[in-house]
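*Asks:* Have a look at this fold, sequence not included:
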Ligand SMILES: *Cc1c(COP(=O)(O)O)cnc(C)c1O
């Protein structure tokens, strides 16, 4: 080992889901939205004044902050925006998880949390989900340096009742509690109304799933103005211009089209419920999902075998081979047509095995 290697910040990076590119593929592996962004987004992109790209964007991303604040009826100083919620969450880890006590997040959850904790050298502990993959709230009633969990959780899709979330927040008033609501728009209850009541709560959401904008990279955090100020202080110490002009304008257009957003979410929820029924008939079991994916295992066919068989047909789902998730597949909800093709393949495959 070279001496200079001692000075390198060595990390094991997060592994994003595959981005295959076959013309005939059915892509159900990274929880993207099967529908396009709101029509206003296309209009913005068509009419982008290219000459303006000479100029730095608004470092506060004010238009986007105002659009988010207005939709959720918050004050501007209660909203922080970033380059996808991954950027927002990374900034949150850096800003709020800065103590000596371990932060807490579930053993089965979004696999970026331990990567950021390692990157920023934050100690952490991972309370174990119960045998049905539910978070046990009591595990978070102990001393810690911060708490973070998604609601609904990923990759399980399980929602924690808002009363339990509130209890976790209330019992942790000496640390920051972050609720990562990447999937909340698909039928779960948001903790957003609690930010006025608890000064230790941050709610993080994204445009990537429910607003069909994964390719644009927009996420946001809502909290009381003090937390938002600390978050901005760290952001401006790192990169002032996180949001580019295009993302700001497109984000505003997506946020403003409330009707399109609601209709898209409604269609996905409807298709999810149909898919649940079909999967049950085929011998799959799963906890009830309130997200845009289903985390399922089959009674006889191993997940890995199904994963490979689907892959051969260019139907992509996500498989987490390590630990307790090794016999589950995470299936993103696509369009009704995509899910019909997916179910038809499974039916044929499982009957001829
Ligand atoms: C998808 C996802 C994110 C990050 O999404 P961005 O595309 O970075 O906004 C964050 N948390 C969870 C739990 C997710 O599933």
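*Replies:* Good, I have the coordinates. In this text the structure is predicted, and so the values were computed from the model without any measurement.
*Asks:* Residue 110 and residue 152 touch, don't they?
*Replies:* No: between residue 110 and residue 152 there is no contact under Cβ atoms under 8 Å: 11.1 Å. C-beta here means a position set from N, CA and C on the backbone, and glycine is covered the same way.
*Asks:* More neighbours: which of the two?
*Replies:* residue 152 (26 against 21; other Cβ atoms under 10 Å).
*Asks:* For the ligand, see how far away that one is.
*Replies:* Per Cβ to the nearest ligand atom, to the nearest Å, residue 152 is found 9 Å from the ligand.
*Asks:* Confirm that residue sits in a strand?
*Replies:* No: per DSSP: H, G, I helix; E, B strand; the rest coil, residue 152 lies outside any strand segment and is coil.
*Asks:* gap between it and residue 280?
*Replies:* 19 Å (Cβ to Cβ, to the nearest Å).
*Asks:* can you count the residues close to the residue nearest to residue 29 when sequence neighbours are not counted?
*Replies:* Excluding the flanking residues, the one nearest residue 29 by Cβ to Cβ, 6 or more residues apart in numbering is residue 316, at 4.1 Å. Number of residues near residue 316 (other Cβ under 10 Å) recorded here: 22.
*Asks:* if I look at residue 316, how far off is residue 66?
*Replies:* Taking Cβ to Cβ, one finds residue 316 at 38 Å from residue 66.
*Asks:* Which positions in the stretch 101-250 of the chain make contact with the ligand?
*Replies:* Within the stretch 101-250 of the chain, the positions lying close to the ligand (Cβ under 6 Å from any ligand atom) are 110, 150, 154, 180, 182, 206, 208, 214, 219.
*Asks:* Tell me where the protein has helices.
*Replies:* Applying DSSP state H to the chain gives helices spanning 39-46, 62-71, 84-96, 113-119, 162-170, 225-235, 245-256, 258-281, 303-312, 336-351.
*Asks:* Enumerate the positions of stretch 341-353 that are buried.
*Replies:* For stretch 341-353, burial by neighbour count (16 or more other Cβ atoms under 10 Å) applies to 342-343, 345-346, 349-350.
*Asks:* How about residue 181: what's its closest non-neighbour residue?
*Replies:* Nearest residue to residue 181, sequence neighbours excluded (Cβ to Cβ, 6+ apart): residue 205, at 4.9 Å.
*Asks:* Quick check: bridge partners of the one you found?
*Replies:* Taking DSSP bridges as the rule, residue 205 bridges to residue 220.
*Asks:* How is the chain divided into domains?
*Replies:* Here the domain parsing of the chain from automatic domain parsing is 20-36+259-352, 39-256.
*Asks:* Now these in TSV, please, with extra columns for mean pLDDT.
*Replies:* Putting these into TSV (pLDDT from 0 to 100) gives the following:
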stretch	mean pLDDT
domain 20-36+259-352	97
domain 39-256	98
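*Asks:* Next, count neighbours for residue 264.
*Replies:* The burial count for residue 264: 21, using other Cβ under 10 Å.
*Asks:* for it, what are its contacts?
*Replies:* Residues near residue 264 by Cβ atoms under 8 Å, 6 or more residues apart in numbering: 33, 35, 210, 212.
*Asks:* same deal with residue 140?
*Replies:* Residues near residue 140 by Cβ under 8 Å, 6+ apart: 104, 127, 147, 168, 171-172.
*Asks:* returning to what we had before: how about the buried residues of stretch 341-353, which pair is most distant?
*Replies:* Maximum pairwise distance among the buried residues of stretch 341-353 (Cβ to Cβ): 12.4 Å, between 342 and 350.
*Asks:* Tabulate the domains of the chain (CSV), appending distance to residue 1.
*Replies:* Below are the domains of the chain laid out as CSV (distance: least, Cβ to Cβ, whole Å):
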stretch, distance to residue 1
domain 20-36+259-352, 28
domain 39-256, 20
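*Asks:* Of all those domains, which one is nearest residue 9?
*Replies:* Closest to residue 9 of the domains of the chain, according to Cβ to Cβ: domain 39-256, at 7.4 Å.
*Asks:* Please indicate which of the contacts of residue 140 are buried?
*Replies:* Using 16+ other Cβ under 10 Å as the burial test, those include 104, 127, 147, 168, 172 as buried.
*Asks:* partner residues bridging the first one?
*Replies:* When bridges are assigned using DSSP bridges, the partners listed for residue 104 are residue 125, residue 147.
*Asks:* residues near residue 183, how many?
*Replies:* Residue 183, neighbours per other Cβ under 10 Å, totals 25.
*Asks:* For the ligand, what is the nearest residue in the stretch 1-150 of the chain?
*Replies:* Per Cβ to the nearest ligand atom, residue 84 is where the stretch 1-150 of the chain lies closest to the ligand, at 2.9 Å.
*Asks:* Grab the nearest non-local neighbour of that residue.
*Replies:* residue 217 (4.2 Å).
*Asks:* do the same with residue 275
*Replies:* Leaving out its chain neighbours, the residue that sits closest to residue 275 by Cβ to Cβ, 6+ apart is residue 339, at 4.9 Å.
*Asks:* For residue 193, see how far away that neighbour is.
*Replies:* Taken as Cβ to Cβ, the span from residue 339 to residue 193 is 33 Å.
*Asks:* Have a look at these two and say which one is more surrounded.
*Replies:* Between residue 339 and residue 193, counted using other Cβ under 10 Å, residue 339 has the larger neighbour count: 23 against 13.
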